[in-house]
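In: model the following, please.
(chains A and B)
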Amino acid sequence: MRELNVVMALAGRDLLKFFRDPGRMVAAVIFPFAMIFLLGGTLQLNLGKAAGFNFISFTFTGFLGMTLFQSTAQGLTSLMDDRQNDFAQEMFVSPVSRYSIVVGKILGETMVAIMQVLPMVIFAAILRVPLTATALLLLVPVALLSCFMGGAFGLLLLNTMSDSRNSNQIFNFVFLPQYFLAGLISPINNLPWYLEVVSLASPMRYVIDLARGVVFAGSADYKRVVLVSPVTNVAVLALLFAVFMIVGTALFVRRETNR
Amino acid sequence: MTAAIEVRDLVKRYRKGKVNAVDGVTFDVEPGEFFALLGPNGAGKTTTISILTTTLSPTSGTVRIAGHDIVREASAVRHNVGIIFQNPSLDMNLTGEENVRFHAILYGLYPYRALYRLMPSAYRRQIGELAEMIGLGADVFKPVRRLSGGMQRKLEIIRGLMHHPRVLFLDEPTSGLDVASRRTLWQYIEDLRRHREITICLTTHQLIEAEDANRICILDHGRVAALGSPREVKAQLVHERLHIDAADRGALRRQLEQMKLAFIDEGHLVVSLDGRSAYEVIHAIKEPLTMLRTESPTLEDAYLRILASGDDA
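Out: Numbering: from 1, shown residues only, chains lettered A, B, ... in the order given. Below you'll find the model as predicted:
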């Protein structure tokens, strides 16, 4: 019971911090506007016809998956940067199970990521991305799975990076390549075999493809946009989540006691 | 009675380290004692305190806090200690109350509620009392970043004491504070010691902050350079000297030699008392003195001497 209180407190704290940070709130509104309206809109105007599918929906689903995944993952890696700062120091010296820290942090960052994509969904609806009620309902579990995947990925990342490596380096090495390998803004239906191999190893690929599978379901663009069926994506993500979580948590707990 | 802190042959070598950051440190701290770990930067103070507070594992040696082994019973140790970190550990975007609330939940004192008004009445009463105690009043509901540095520190101490720890670790608690805030913070810590039976373990490189401690332990290059009460450390390290002169300095020299006292000539004679009292020596000198001055070293002299000898090593 006590550990459940701790998990809720840690998650609640992340959400509270998000609402108290005007910079992040504003960014959550401006970012989707720039990406979906400006980037997606201009791509649609210039390349839409040639590509043969709706670029606004394409970029929306790309950024939706990417934000859910990356925001949660980076939230987890911040656990290491924070160690020497603010409240995180407190957390590590308190008699709280390290498992509760991991679970609480993933849940908290998941709630923050979902808050961040809400304006994005509203923008998408305004820009007439065809979002059916079924798709919106299905996006809820999809979003949760994407965030959990990001959290587990972030946890694994946290254990492989040295304390001195800052978040910028992680972004450049880990997230930026995935933008292109996971088909965030550019289709990856045709890739040379070596890039296909790397793309298949990118967890973000499955997150984005799953979001597209749900949003494009039943549309004429589905076959041109979606790489594999949502069921396959869910299966791959569930498997990756389980593996990353078990290995990540084990490494985290071991690292915490062996420092 | 079980020692509040028991450290035996503690060694820590970091994974990529070439030398031991802490190299065979042994000391005990009794319950209710005010103990200061002193030393220059890099002496091993923070490493030691990190091990004592379970955030760093020792390479070898044993440490027990309130009778609990820090490796095998880390959770019990964590329940028994409160820590005030060198860097502020408050969430600046949260209010003082929210910071305290999260702490209380982490230590299992109260269940989690998202809002203050939903928290149990016992908690709300406690917050009111704590806020009054440190003179914060209703400002406890303001974001922490709007409070002064000194007030933030006090809030951290209050928070660190909520779960009634047996040992309070203060890791350079006054770094970054102005002189006035420093003074009020120390007065506050002094009051705490008087009203609660709490063991305090302070780390500092500022000697003046350690002078009121019951005992001090000076670390240098990861080893204990001196351990004891400020008076004992002073006696161990620096001896009192007597500055004297006489019209017939040669006669005075001969007399000192007869008394088997070591001295040096610095334009006048500087005599090492070597454990004898100044009165006894002056009384024994028959030669009329033209100059008489005693040199009583401060603890700071002793401290500087240790640091200087450490550099030579």
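
In: center of the chain - which residue?
Out: Just so you know, I chose chain A. Using CA atoms, centre = their mean, the residue of chain A that lies closest to the mean C-alpha position is residue A:69, 0.9 Å off.

In: not quite, I wanted chain B
Out: residue B:36 (2.3 Å).

In: now do the same for that one: helix, strand or coil?
Out: When classified by DSSP: H, G, I helix; E, B strand; the rest coil, residue B:36 comes out as strand.

In: rewinding a little: show me what contacts the residue nearest to the centre of chain A?
Out: If you count contacts by CB atoms under 8 Å, 6 or more residues apart in numbering or on different chains, residue A:69 has them with A:146-147, A:149-150, A:153, A:203-204, A:207. All C-beta atoms are positioned from the backbone trio N, CA, C, and that covers glycine.

In: residue B:201: what secondary structure?
Out: Residue B:201 - assigned by three-state DSSP - is strand.

In: and the pLDDT at the residue nearest to residue B:51 when sequence neighbours are not counted?
Out: In space, and not counting its chain neighbours, residue B:51 is closest to residue B:58: 5.1 Å by CB to CB, 6 or more residues apart in numbering or on different chains. The model reports residue B:58 with a pLDDT of 93.

In: if I've got this straight, residue B:58 is in a strand?
Out: No: under three-state DSSP, residue B:58 sits outside any strand and is assigned coil.

In: how many other residues sit next to it?
Out: 22 (other CB atoms under 10 Å in any protein chain shown).

In: just the contacts of residue A:69: which are in helices?
Out: A:146-147, A:149-150, A:153, A:203-204, A:207 (DSSP state H).

In: longest single helix anywhere in chain B?
Out: helix B:179-195.

In: how big is the angle separating it from strand B:34-38?
Out: 140 degrees (axes from the mean of the first three to the mean of the last three CA atoms, to 10 degrees).

In: what about helix B:179-195, average pLDDT?
Out: Mean predicted confidence for helix B:179-195 is 80.

In: ok, which of the ones in helices among the contacts of residue A:69 also contact chain B?
Out: Counting by CB under 8 Å from any CB of the partner chain, the subset of these that neighbours chain B is empty.

In: how about JSON lines for those residues, with pLDDT added?
Out: Below are these laid out as JSON lines (pLDDT from 0 to 100):
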{"residue": "A:146", "pLDDT": "96"}
{"residue": "A:147", "pLDDT": "97"}
{"residue": "A:149", "pLDDT": "96"}
{"residue": "A:150", "pLDDT": "95"}
{"residue": "A:153", "pLDDT": "94"}
{"residue": "A:203", "pLDDT": "94"}
{"residue": "A:204", "pLDDT": "95"}
{"residue": "A:207", "pLDDT": "96"}
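
In: would you reformat these as CSV and include neighbour count?
Out: Supplementary listing: the ones in helices among the contacts of residue A:69 in CSV, determined by neighbours: other CB atoms under 10 Å in any protein chain shown:
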residue, neighbour count
A:146, 33
A:147, 27
A:149, 27
A:150, 31
A:153, 26
A:203, 22
A:204, 28
A:207, 32
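
In: which of these sits closest to residue B:50?
Out: residue A:153 (29.1 Å; CB to CB).

In: please report the distance of that closest one from residue A:188.
Out: 19 Å (CB to CB, to the nearest Å).

In: for the residue of chain B most remote from its centre, which non-adjacent residue is spatially closest?
Out: Taking CA atoms, centre = their mean, the residue of chain B most remote from its mean C-alpha position is residue B:248, at 48.4 Å. Closest residue in space to residue B:248, ignoring its immediate chain neighbours: residue B:287 at 6.4 Å, by CB to CB, 6+ apart.

In: touching, the one you found and residue B:253? I think so.
Out: No: counting by CB atoms under 8 Å, residue B:287 does not reach residue B:253; the two are 9.5 Å apart.

In: okay, those two: which has more neighbours?
Out: residue B:287 (18 against 15).

In: now do the contacts for the more buried one.
Out: B:246, B:248, B:251-252, B:255.

In: is it in a helix, a strand, or coil?
Out: Assigned with three-state DSSP, residue B:287 falls in the coil class.

In: and it, what pLDDT?
Out: Looking at residue B:287, the pLDDT reads 89.

In: what's the answer for the one 10 residues further on, then?
Out: What the model reports as pLDDT for residue B:297 is 74.

In: next one: the one 10 residues further on
Out: pLDDT recorded at residue B:307 is 71.

In: now it, nearest residue through space, not along the chain?
Out: residue B:40 (5.6 Å).

In: you'd agree that neighbour is up against residue B:220?
Out: Yes: in this structure residue B:40 lies within contact range of residue B:220 using CB under 8 Å: 7.2 Å.

In: higher neighbour count, those two?
Out: Using other CB under 10 Å as the criterion, residue B:40 and residue B:220 rank with residue B:220 on top: 21 against 16.

In: and the helices in chain A?
Out: Counting by DSSP H, the helices of chain A are A:2-19, A:22-32, A:41-51, A:55-81, A:86-93, A:98-126, A:133-160, A:167-170, A:176-181, A:193-200, A:203-215, A:222-225, A:230-257.
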